[in-house]
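[1] model this:
(one chain, ligands or ions: 1)
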Amino acid sequence: MQFTDFSLDQRLLQTLKHMGIDTPTEIQEQAIPIALAGKDLMASSKTGSGKTLAFLLPAMQRMISCKALSKRDPRAVILLPTRELATQVYSQLRLLVANTQFKATKILGGENFNDQAKALARDPHFVVATPGRLADHLKQHHLHLNGLELLIFDEADRMLDLGFAEQLKQINGAADHKRRQTLMFSATLDHGDVDEIAAELLKTPEHVAIGAGNLEHKDITQRIFLCDHLDHKEALLSRILKDEQQKQIIIFTATRQDTDRLAKKLADDGFKTASLSGELKQNARNQIMDEFSRGLQQILVTTDVASRGLDLLNVSLVINFDMPKFAEEYVHRIGRTGRAGAKGDAVSLVGPKDWVNFTQVQTFLNKQFAFSELEGLKGKFTGLKPKAKNNKKAKPAAAKKKAATAKKKSAAKATANRDRRFATGVDVGDAPMLRKPKAKLQDTPED
Ligand code: AMP
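    I've put the predicted structure just below:
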């Protein structure tokens, strides 16, 4: 199948030709006809499989072939969880709109609010946005969505993890009319909360799932090394970096403190290294990503701020210096390599503190990993035994009830902590819980 087999406008086909793209990927082959037919869609496929064009092309085609519902309102809104992802989607969109009359703008947290209000006043046809900031502009009536034709959620599960459910509902509510089409994409849609919100936002959607989010990525070689302690991890890391000729490398750590410490160590060891974490100002984040994508740095040390969607074609090795807390994040992290059919390597360093997270990854992937070793660097750690079953006598009913209440409370606390972790430890993009008090138009809020 070729892109010419879809009924796409010549200008779009021309742009694809300039991009060197002629054959649709599997997700494009399946999702584009459904989206072109105007149906709602929930789609998932592995990272790097061409999801962006799977929604941008039908969105462009709809703009070209249908009359606008309103002269002033945006016709398509694309929502993404992080500013980096939004920037990436926006740059692909700009290529597509370049030889058409359509205007696109990007509305992200951390950037100047007044400038964004002015850009919205110029009535763009496409708005690519992070949800928190777009909801703020909606509240200020800087845009209206009565004429919205297409609402697209990319990495929907991550937006929910970041606590954006309310903003997604607000945006949906502002564009609540019968002729709106909704598309929802993610690498991992098998997420309980996604089904719940999808039931509210989508109308009898078609489903496309190209392999489950947890299916093995054939282009990525995965290796696991067991480690005794931090020094052992660092020794393994040094050897891997010394032995392997890699184009570019992303190293994921658990916290931003680890990111900074490790980046400094690698820079001291002579590697061109940058570190990226969520609390940096947006222009610093942009500059770091720009330098890394242009190959000015060989190594990027980061938290999960860079785990999703970023399309860095020269990354050939991903290292989990620490295992991610949520198993699906592992799929997203290693998906920074092996993109668009290229081969990639993923290495995970698993110490005692990583063990539980590592076993969750194995369960999620339904896979039992073999462990790799490097000569002279074999450690003693071989994994933790599962905790023995509690053989205590059955509790009386009152004690059972008390235990159940305590468990409920602790689960609620764990959820709150998880939200807080997203808001403080890793990337929050413009997570709502961090938003500053409402700023006046002349202020330039960071989020
Ligand atoms: P995405 O999953 O949308 O982030 O896309 C990953 C990479 O694949 C990007 O560099 C795209 O430009 C590229 N890509 C998307 N569709 C195709 C295609 N049909 N053929 C070749 N490369 C593609």
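[2] got the phi/psi numbers for I319?
    Dihedral pair for I319: phi -120, psi 120, per degrees, to the nearest 10.
[3] that one against Q246, yeah?
    No: here I319 does not reach Q246: they are 9.7 Å apart, not a contact under Cβ atoms under 8 Å. Every C-beta, even on glycine, is put in place using the N, C-alpha and C of the backbone.
[4] give me the more crowded residue out of those two.
    I319 (27 against 19; other Cβ atoms under 10 Å).
[5] looking at the sheet around the more buried one, what are its partners?
    In this structure, I319 bridges to I251, V347 when assessed by DSSP bridges.
[6] from V208, how far off is it?
    32 Å (Cβ to Cβ, to the nearest Å).
[7] how about the helices in the stretch 1-150 of the chain?
    10-18, 26-36, 51-65, 83-97, 113-121, 131-139 (DSSP state H, counting those that start in this stretch).
[8] what of the stretch 201-350 of the chain?
    Using DSSP H, counting those that start in this stretch, helices in the stretch 201-350 of the chain cover 230-243, 256-268, 282-293, 327-334.
[9] can you say which of these is nearest to P131?
    Closest approach to P131 among these is made by helix 282-293 (16.0 Å; Cβ to Cβ).
[10] so is that closest one next to the ligand?
    No: Helix 282-293 does not reach the ligand (Cβ under 6 Å from any ligand atom); its nearest approach is 11.2 Å.
[11] nearest to G295, out of the helices of the stretch 1-150 of the chain?
    helix 83-97 (16.8 Å).
[12] list the buried residues in that closest one.
    Buried residues in helix 83-97, counted by 16 or more other Cβ atoms under 10 Å: 83-90, 92-93, 96-97.
[13] ok, now stretch 142-150?
    For stretch 142-150, using 16+ other Cβ under 10 Å, the buried residues are 142-143, 145, 147-150.
[14] and stretch 334-344, by the same measure?
    Those buried within stretch 334-344 under the rule 16+ other Cβ under 10 Å are 334-339, 344.
[15] so what touches stretch 248-266?
    By Cβ atoms under 8 Å, 6 or more residues apart in numbering, the residues outside stretch 248-266 that reach it are 234, 237, 241, 273-279, 292, 295, 297-304, 306-307, 312, 314-322, 324-325, 333, 336-337, 425-426.
[16] may I have that stretch exported as CSV, CA atoms only?
    Extracted as CSV, the C-alpha positions of stretch 248-266 are listed here (Å, rounded to 0.1, in the frame of the first residue of the first chain):
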residue,chain,number,x,y,z
GLN,A,248,23.6,8.8,20.9
ILE,A,249,22.6,7.6,24.3
ILE,A,250,19.7,8.4,26.7
ILE,A,251,20.2,7.4,30.4
PHE,A,252,17.1,7.4,32.6
THR,A,253,17.4,7.9,36.4
ALA,A,254,14.8,7.9,39.1
THR,A,255,15.1,11.5,40.3
ARG,A,256,16.4,14.8,39.1
GLN,A,257,19.1,14.7,41.8
ASP,A,258,20.4,11.5,40.4
THR,A,259,20.2,13.0,36.9
ASP,A,260,22.4,16.0,37.8
ARG,A,261,24.9,13.9,39.8
LEU,A,262,25.3,11.3,37.0
ALA,A,263,25.5,13.9,34.2
LYS,A,264,28.3,15.7,36.1
LYS,A,265,30.2,12.4,36.6
LEU,A,266,29.9,11.5,32.9
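[17] for it, what is the average pLDDT?
    Mean pLDDT, computed over stretch 248-266, is 93.
[18] and for the spatially closest residue to E373 that is not a sequence neighbour, the neighbour number?
    In space, and not counting its chain neighbours, E373 is closest to F225: 7.2 Å by Cβ to Cβ, 6 or more residues apart in numbering. Burial of F225 is recorded as 23 neighbouring residues (other Cβ under 10 Å).
[19] and the residue of the stretch 51-200 of the chain that's closest to the ligand?
    Of all residues in the stretch 51-200 of the chain, the one sitting closest to the ligand is T52 (3.2 Å; Cβ to the nearest ligand atom).
[20] quick one: contacts for that residue?
    88-89, 92, 154, 311.
[21] now the two most distant members of the residues you listed.
    Of all pairs in these, the most separated under Cβ to Cβ is D154 and D311 at 12.4 Å.
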